[in-house]
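K.L.:
I need the structure of the sequence given here:
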Amino acid sequence: MMKPSSFRFALLIGIPAVLFSCSKPSKVEPDVTLPAEYELREIHYFKTDQVGLDTVMVKLNGSTLTNPGNVLMTQTFESNYDDLQKTSRFEISNWQTLPTDIKLESFAVEVPERWNVNGTYGYFSEKFMLSSSEEQKPYGAYKKENIKVSVPPRSAVVVERQIEAYPLRCSFRAVVVNKATGQQYPVVGNWRGISHYNNTSVTLTERAL
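P.N.:
Now for the predicted structure:
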């Protein structure tokens, strides 16, 4: 009479073992955090009492025209402005208040070209990066002039040219926005660069050959 009881006990013990061996732990996927995306909404420039416009003279390309003959000769000198550079550099004053993942140098922005007496300003035709490193772009490569020079017999005329450059330092304020949350971050500081060039002067110096 004891054998059937032993069989039922062995069967009950085996069932949980089978159930336990068939169960598998579920795989937990790690949370993926996407990097934040930012966009530049606006940027404005303004002058204060501590900033302003300076003037420096920049030497341009020249030439020496010669006339070894015995009669007056008129020669043409083609002048250009290929060496002129528009420069731009931003100085950020509130780095410590900005999220560390904002890459300001990835934003291309308009920069001032001319500052008018009424406080308004124009923009340069090309954009610059909002970077603390100086960036340069050609300023007057499109502009050329022909200068006619009379060279006396057995003489040479040295053509020297220079132009006024206007370095500008002004303040700026920009707004960067988190595209996902809409949170806005002001960016403030100073902008430095060549505002524009103007007033070319030409000097002709004659000497004997």
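K.L.:
need the strands for this structure, in chain order.
P.N.:
For the chain, the strands defined by DSSP state E cover 38-46, 52-53, 56-67, 73-92, 108-109, 112-115, 121-123, 128-129, 135-151, 155-178, 184-208.
K.L.:
Rebuild these as JSON lines, extending it with distance to residue 99 and mean pLDDT.
P.N.:
Just so you know, the C-beta spots here come from the backbone N, C-alpha and C atoms, and that holds for glycine as well. Below are the strands of the chain laid out as JSON lines (distance: least, CB to CB, whole Å; pLDDT from 0 to 100):
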{"stretch": "strand 38-46", "distance to residue 99": "8", "mean pLDDT": "93"}
{"stretch": "strand 52-53", "distance to residue 99": "33", "mean pLDDT": "76"}
{"stretch": "strand 56-67", "distance to residue 99": "38", "mean pLDDT": "92"}
{"stretch": "strand 73-92", "distance to residue 99": "13", "mean pLDDT": "92"}
{"stretch": "strand 108-109", "distance to residue 99": "19", "mean pLDDT": "96"}
{"stretch": "strand 112-115", "distance to residue 99": "27", "mean pLDDT": "87"}
{"stretch": "strand 121-123", "distance to residue 99": "28", "mean pLDDT": "89"}
{"stretch": "strand 128-129", "distance to residue 99": "19", "mean pLDDT": "97"}
{"stretch": "strand 135-151", "distance to residue 99": "24", "mean pLDDT": "88"}
{"stretch": "strand 155-178", "distance to residue 99": "8", "mean pLDDT": "94"}
{"stretch": "strand 184-208", "distance to residue 99": "7", "mean pLDDT": "94"}
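K.L.:
Count the neighbours of residue 194 for me.
P.N.:
When neighbours are counted by other CB atoms under 10 Å, residue 194 registers 21.
K.L.:
what's near enough to touch it?
P.N.:
With contact taken as CB atoms under 8 Å, 6 or more residues apart in numbering, residue 194 is in contact with 85, 86, 87, 139, 165, 166, 167, 168.
K.L.:
and if you look at residue 114?
P.N.:
When contacts are counted by CB under 8 Å, 6+ apart, residue 114 touches 121, 122, 195, 196.
K.L.:
measure the most centrally placed residue in the chain to residue 110 for me?
P.N.:
Per CA atoms, centre = their mean, the C-alpha nearest to the average position across the chain is that of residue 129, at 2.0 Å. Per CB to CB, to the nearest Å, residue 129 is found 12 Å from residue 110.
K.L.:
Measure how buried residue 184 is and give me the count.
P.N.:
Residue 184 has 10 neighbouring residues, counting by other CB under 10 Å.
K.L.:
and what of residue 55?
P.N.:
Under the neighbour criterion other CB under 10 Å, residue 55 is assigned a count of 10.
K.L.:
Residue 149 too?
P.N.:
Other residues close to residue 149 by other CB under 10 Å number 17.
K.L.:
Noted, bye for now.
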